[in-house]
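Student: Sequence first, then the predicted structure:
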Amino acid sequence: MQRSAAGLSAGLRVSEAELIDRARSRDEAALREIMQANNRRLYRLARGILRSDSEAEDVVQETYVRAFTHLDGFKGESALSTWLSRIAINEALGRARSAKPHVELDSVPEEALEAQIIKFPVSPAGDPERTMAQREIQRVVERAIDELPDAFRMVFVARVMEGMNIEETADLLGVKPETVKTRLHRARTMLRENVEKEIGPVMMDAFPFAGWRCERLTEAVLKRLGIGG
């Protein structure tokens, strides 16, 4: 009897533990799989702190280099994605503190911080990540998210854009679940009503990190590790 497509897919799915073992041995396919599975989340989390595309990409690279050179330190007490996310957040916060010495994720200002408006790069010709129709809406959404205070923005990115649950978000950011709920509620109310109406259908496409950008970063990390061509 022929196995179903779902069965084949399940049979080919590599367990995280096996993937990590292969990565410890510098298996290129395993390293690629880990990076491609986590690139978007790490990028979004880093960008949520730094509000800079290029800085966020640098953080993601550093995260992988640090993680892959210290994989023996990963004890499996949390998911690999959570471990990588914490490394990325710590790296991004370190950079943010260097630029603004008093940046703290738990420090919530009374009023929204003055936002640095980021001009988002245009995707190259033929890049399927964004359509022209989506790009303008995404620009408005991304700018509105950038204008949120740091603590609210991080909760918003984790909960709404990455779809992490309350417990995961609380654990990742080192706050109580009740704090996550409160900050998410306040973050939503800070977004202008007309922008919020546009967020729904395109939110999962904001700050994309796939296609050529995902591949470029993956290649850069492998090159730094001395793996592959």
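Tutor: Nice, I can see it. Not measured: the values here are computed from a predicted model.

Student: Report the buried residues of stretch 29-39.
Tutor: Neighbour counts using 16 or more other C-beta atoms under 10 Å place A30, L31, R32, E33, I34, M35, N38, N39 of stretch 29-39 among the buried residues. Where you see a C-beta, it was placed from the backbone N, CA and C, and this is true even at glycine.

Student: who's in contact with the residue nearest the centre of the chain?
Tutor: Centroid-nearest residue in the chain: R41, 2.5 Å away (criterion: C-alpha atoms, centre = their mean). For R41, the contacting residues are S81, S85, E162, by C-beta atoms under 8 Å, 6 or more residues apart in numbering.

Student: Now do the SS call for it.
Tutor: State at R41, reduced to three classes by DSSP: H, G, I helix; E, B strand; the rest coil: helix.

Student: Relative to M161, how far out is it?
Tutor: Note on R41: its distance to M161, by C-beta to C-beta, to the nearest Å, is 9 Å.

Student: N39 too?
Tutor: N39 sits 14 Å away from M161 when distances are taken as C-beta to C-beta.

Student: cool, E16 as well?
Tutor: Per C-beta to C-beta, E16 is found 23 Å from M161.

Student: One more: R66?
Tutor: 24 Å.

Student: between these two, who's got more neighbours?
Tutor: M161 (21 against 15; other C-beta atoms under 10 Å).

Student: looking at it, the more buried one is touching F207, isn't it?
Tutor: Yes: judged on C-beta atoms under 8 Å, M161 makes contact with F207 at a distance of 7.2 Å.

Student: Mutual contacts of these two, please.
Tutor: Taking C-beta under 8 Å, 6+ apart as the criterion, M161 and F207 both touch R44.

Student: Look up how far A46 lies from the residue nearest to F74 when sequence neighbours are not counted.
Tutor: Of all residues not flanking F74 in the chain, W83 sits nearest, at 5.7 Å (C-beta to C-beta, 6 or more residues apart in numbering). Remark: distance between W83 and A46 (C-beta to C-beta) = 15 Å.

Student: Cool, thanks, signing off.
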